[in-house]
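Undergrad: need coordinates for the below:
(chains A and B)
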Amino acid sequence: MIIKLDHVNYIYNPDTVEKVIAVDDVNLEIGGNSLTAIIGSTGSGKSTLIQMLNGLLKPTSGTVSYDGEVIFTEGKETKEQKKKIRDLRCRVGLVFQYPEYQLFDETVLKDVCYGPKNQGFTQEEAEKKARKALEEVHMPEKSILKSPFDLSGGQKRRAAIAGVLAMEPEVLILDEPTAGLDPKGKTEVLDLLKRYQREKETTVILVSHSMEEVAQYADRVIAMHKSKVILDGPTHEVFSHREELEAIGLGVPEVQAFTESLGIKDAITVQEACDAILQRQKAE
Amino acid sequence: MFRDITIGQFYPVTSIINKLDPRVKLCGVVVYIAAVFIINNIFGLLFIIAALAVLIYLSKVPLKHIMKGLRFVWFLVIIAIFFNLFFSDGDIIWRWWIFHMSRQGILRAAFFAVRLVCVIVGSSMLTYTTTPTNLTAGLEKVMQPLNKIHFPGHEIAMMMSIALRFIPILSEEINKIIKAQLARGADFDSGGIIVKAKGMIPIMIPLFISAFRRASDLATAMESRCYSGGEGRTKMYPLRYHKRDTVGYIVLLLFLLASIGLRILMQQFVTIGRI
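TA: A predicted model of the protein is given here:
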C-alpha cells in the first residue's frame, strides 16, 4: 500500500486577501512496513498535508494516489467517486489532534463501534472489532462500559485512537498523538503505535514536535518548512543535517547535541548514546 | 457546509469607511434603513442604490465577497417577490387559477426585492468594515445614556462581542469535528431526513461539549484578570471623534434630507413608478 503525492499544492482561500499557500509542490511516496514521522514548526503545512492523504482535502493542484489509483479525478464529483473516497477514508485511518474531542456516545464501546458500523458491519461484528481495538490500546476491561467523558485524559486519547483502529485501516495517520499528555501517557501511546505497526507490518505516519520521540520511534523522517518538504530520509540521516534543522527552528534530539560535543556522531537516542560512550570507554 | 459564512464578518482592508468611528457607522445603518423606506419612487430607488454603490466602492470590500454573503438570503428575496408578484390586487393584466398579476404588483415586487437587498447589503456593510471590538465599543457608547435607567449596556455589548467572536471559533470547531467523523467513515449526505438528523448527533454532542468548555475557560480567564462588569472599566483605545467623523455625520444628514426631498418633490412630477 503506497500513498503517492505528485506535485501537490494546497491553497486556503484562493483569490482573496487571506490567501495562504499551505502545501507547495510536494512530491512524496509513503508506504510499506514503516513508521514515518512528519516534523515541522507550526504552520508549516503538516496538518494540511496529512488531510490530503485520506481524501479529506482535495489538492488545489497535483494528484494524490493510493495503491496506484488517483483519489481525486478532474471534473464533478459523482456518486461513485464519493463512495470511493469514503471507502478510502476507511482504509487510510486518520486520527486528528486532540481526538478525544470527537467522542460522543454513551459508552466507550459504543463510541468505538461508530467507525465499523459506518463501514457497514453489523452490531455484533462492530462490537467484536471494537473490543479488539480497545484491547490493543490497553483499555481496562472495567472502563469500556463507562461514559467516555468519565475517563482520564490519557485514557480518552487511547479510546479515540481505538475508534480509528477498530476500522482496521491499512495505513494509520496521527496528528500529534501525544500533544497535551503527561510523560506516562505519551510513552503509552507511542509504545502502542510502535507495537501496532510492527505486529501488523503496516504503515503508520505521525506528526510530532518532539525530536526525542521521533528519534526513538520513527524509521523515516519528513521535515517540512514553509509549506515545502525540505528533508526526507531515514531518521539517522535526517538528524545528521543538524544545521538545516536548527535553521528552521526544529533542532536535533538533546542527547545528540550532547554527544556531538563529546565527539560522538550519529547517536540520536539515549540508548545509542550509552552504547557509544561505553564502547569508547572500553577502547580507552 | 458551515464554511464561508461571510455575512457579519469583518473584511480586513484599510479604507476610509473602515477608519470611521463605529458610532457614525451605527448611525449610518439606522439612517440608511430609514431612507430605504422613506423613498417611494424609481428616482429615490436609484438614489439609494447609487449611494450604496459609492459606499461599497469607498469601503474597498469586493462586490464578489458581498454577493457571496447574500447567498443565504436569496431564498427570502424570491419568496417575497413571488407573493408580491402573484397576489397583489390592482389593474389585473394576467390571471390563472389563484394567481393574478397586476401592474401595481409587478412594481411592488420589484421595489420590495430591491429594498430588501439594499437593507441587507447596507447593514452588512457595517460588520464588513468594523472590527467586532470597535463595533461593541460603539454600541456600548451609544447605549451609555440608558445606564441611568439601569439598562445593562456594557453587559449587553460584552455578550454581543463574545457571541460575535465565537462565530468563527465554533465554525472552525464544527469543521474540525465534521472532518474527524468523516475520517471515521461518517456519511452525512445519503439517507432520509431522519437518518440525516441522527447523523448529526456525532457532530452536535462534541460541539456542545466544546462550547461549554470554552465558555467556562473564558469565564475563568476573565475572572483571573479581575473582570467585574462595566463599572469603572477604562478602555485601551477610547473612541474619539475625528474630522472625518464630523464629515460622515454631515453626509448622513444630507443623505437623509435628499431621500425625504426626493419623496416630496417627485410626488408632484412623477406619477408612474410610484407605490
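Undergrad: C-alpha from now on. contacts and neighbour counts both.
TA: Will do.
Undergrad: now the residue in the stretch 151-284 of chain A that chain B sits nearest to: which helix or strand?
TA: Closest to chain B within the stretch 151-284 of chain A is residue A:164: 6.3 Å, counting by C-alpha to the nearest C-alpha. Assessed by DSSP states H and E, residue A:164 sits inside helix A:153-165.
Undergrad: helix or strand right after that helix?
TA: Using DSSP H and E, the helix or strand that follows helix A:153-165 in sequence is strand A:171-175.
Undergrad: all the helices of the stretch 1-150 of chain A, residue numbers only.
TA: Assigned by DSSP state H, counting those that start in this stretch, the helices in the stretch 1-150 of chain A fall at A:46-53, A:79-91, A:108-118, A:123-136.
Undergrad: which of those helices has the lowest mean pLDDT?
TA: Lowest mean pLDDT within these: helix A:79-91, at a mean of 84.
Undergrad: ok, is that helix in contact with chain B or not?
TA: Yes - under the criterion of C-alpha under 8 Å from any C-alpha of the partner chain, helix A:79-91 makes contact with chain B via A:86-87, A:89-90.
Undergrad: write a PyMOL command that selects only the buried members of these.
TA: If you want just the buried ones from the residues of helix A:79-91 next to chain B in PyMOL, going by 16 or more other C-alpha atoms under 10 Å in any protein chain shown, the selection is:
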select buried, chain A and resi 86+89+90
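Undergrad: out of the residues of helix A:79-91 next to chain B, which is nearest to residue A:240?
TA: When those are ranked by distance to residue A:240 (C-alpha to C-alpha), residue A:89 comes first, at 35.1 Å.
Undergrad: so how many other residues sit close to the nearest residue to residue B:179 once chain neighbours are set aside?
TA: Spatial nearest neighbour of residue B:179, excluding adjacent residues (C-alpha to C-alpha, 6 or more residues apart in numbering or on different chains): residue A:56 at 6.9 Å. Residue A:56 has 19 neighbouring residues, counting by other C-alpha atoms under 10 Å in any protein chain shown.
Undergrad: likewise the one 3 residues further on?
TA: Neighbourhood size, residue A:59 [other C-alpha under 10 Å]: 22.
Undergrad: deepest in the core, which of the helices of the stretch 1-150 of chain A is it.
TA: Among the helices of the stretch 1-150 of chain A, the stretch with the highest mean neighbour count (mean count of other C-alpha atoms under 10 Å in any protein chain shown) is helix A:108-118, at a mean of 25.
Undergrad: before we move on, back to that, output the helices of the stretch 1-150 of chain A as JSON lines; include the columns distance to residue A:241.
TA: Listed next are the helices of the stretch 1-150 of chain A as JSON lines, based on distance: least, C-alpha to C-alpha, whole Å:
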{"stretch": "helix A:46-53", "distance to residue A:241": "20"}
{"stretch": "helix A:79-91", "distance to residue A:241": "34"}
{"stretch": "helix A:108-118", "distance to residue A:241": "41"}
{"stretch": "helix A:123-136", "distance to residue A:241": "36"}
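Undergrad: SS state for whatever residue of the stretch 101-250 of chain B ends up closest to chain A?
TA: Taking C-alpha to the nearest C-alpha, chain A has its nearest neighbour within the stretch 101-250 of chain B at residue B:184, 4.9 Å off. Three-state secondary structure (criterion: DSSP: H, G, I helix; E, B strand; the rest coil) places residue B:184 in coil.
Undergrad: now do the contacts for it.
TA: By C-alpha atoms under 8 Å, 6 or more residues apart in numbering or on different chains, residue B:184 lies in contact with A:89-90, A:93-94, A:114-115, A:118, A:163-164, A:167.
Undergrad: list of residues touching stretch A:267-284?
TA: Contacts to stretch A:267-284, defined as C-alpha under 8 Å, 6+ apart, come from residues A:212, A:215-216, A:236, A:239, A:252-253, A:255-256, A:259, A:264.
Undergrad: list the buried residues of that stretch.
TA: With burial defined by 16+ other C-alpha under 10 Å, the residues of stretch A:267-284 counted as buried are A:267-270, A:272-273, A:276-277.
Undergrad: mind listing which of the residues you listed are in helices?
TA: Among the buried residues of stretch A:267-284, the ones falling in helices (DSSP state H) are A:270, A:272-273, A:276-277.
Undergrad: what does chain A have sitting close to chain B?
TA: So far as C-alpha under 8 Å from any C-alpha goes, chain A lies against chain B at A:54, A:56, A:86-87, A:89-90, A:93-96, A:99, A:101-105, A:114-115, A:118-119, A:163-164, A:167.
Undergrad: send the alpha carbons of stretch B:39-50 over as CSV?
TA: Presented in CSV, the C-alpha positions along stretch B:39-50 are these (Å, rounded to 0.1, in the frame of the first residue of the first chain):
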residue,chain,number,x,y,z
ILE,B,39,-38.3,56.7,-0.7
ASN,B,40,-41.3,55.7,-2.8
ASN,B,41,-40.4,56.2,-6.5
ILE,B,42,-38.0,55.0,-9.0
PHE,B,43,-35.7,58.0,-8.7
GLY,B,44,-35.4,57.5,-5.0
LEU,B,45,-34.6,53.9,-5.5
LEU,B,46,-31.9,54.7,-8.0
PHE,B,47,-30.6,57.2,-5.5
ILE,B,48,-30.2,54.8,-2.6
ILE,B,49,-28.7,52.2,-5.0
ALA,B,50,-26.2,54.8,-6.1
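Undergrad: pLDDT of that stretch, averaged?
TA: Throughout stretch B:39-50, pLDDT has a mean value of 87.
Undergrad: distance between it and the chain's centre?
TA: How far stretch B:39-50 lies from its chain's middle: 21 Å, per C-alpha atoms, centre = their mean, to the nearest Å.
Undergrad: which parts of that stretch are buried?
TA: Counting neighbours by 16+ other C-alpha under 10 Å, one finds that the buried residues in stretch B:39-50 are B:39-45, B:47-49.
Undergrad: and the next element down the chain from the lowest-mean-pLDDT helix or strand in chain B?
TA: When the helices and strands of chain B are compared on mean pLDDT, DSSP states H and E, strand B:92-96 comes out lowest with a mean of 74. Once the chain leaves strand B:92-96, the next helix or strand it forms, by DSSP H and E, is strand B:99-102.
Undergrad: next one: the very next helix or strand once past that next one to chain centre, how far?
TA: Downstream of strand B:99-102, the next assigned helix or strand under DSSP H and E is helix B:103-129. Taking C-alpha atoms, centre = their mean, one finds the center of helix B:103-129 at 12 Å from the center of the full chain.
Undergrad: any idea of the mean pLDDT for helix B:103-129?
TA: Averaging pLDDT along helix B:103-129 gives 86.
Undergrad: is the residue of the stretch 1-150 of chain B found nearest chain A in a helix, a strand, or coil?
TA: Nearest to chain A, among the residues of the stretch 1-150 of chain B, is residue B:12, at 8.1 Å (C-alpha to the nearest C-alpha). Of the three states, residue B:12 takes coil under three-state DSSP.
Undergrad: tell me how far the residue of the stretch 101-250 of chain B closest to chain A lies from residue B:174.
TA: Distance, residue B:184 to residue B:174, by C-alpha to C-alpha, to the nearest Å: 15 Å.
Undergrad: then residue A:199?
TA: 35 Å.
Undergrad: what about the two, which has more around it?
TA: Between residue A:199 and residue B:174, counting by other C-alpha under 10 Å, residue B:174 is the more crowded of the two (21 against 10).
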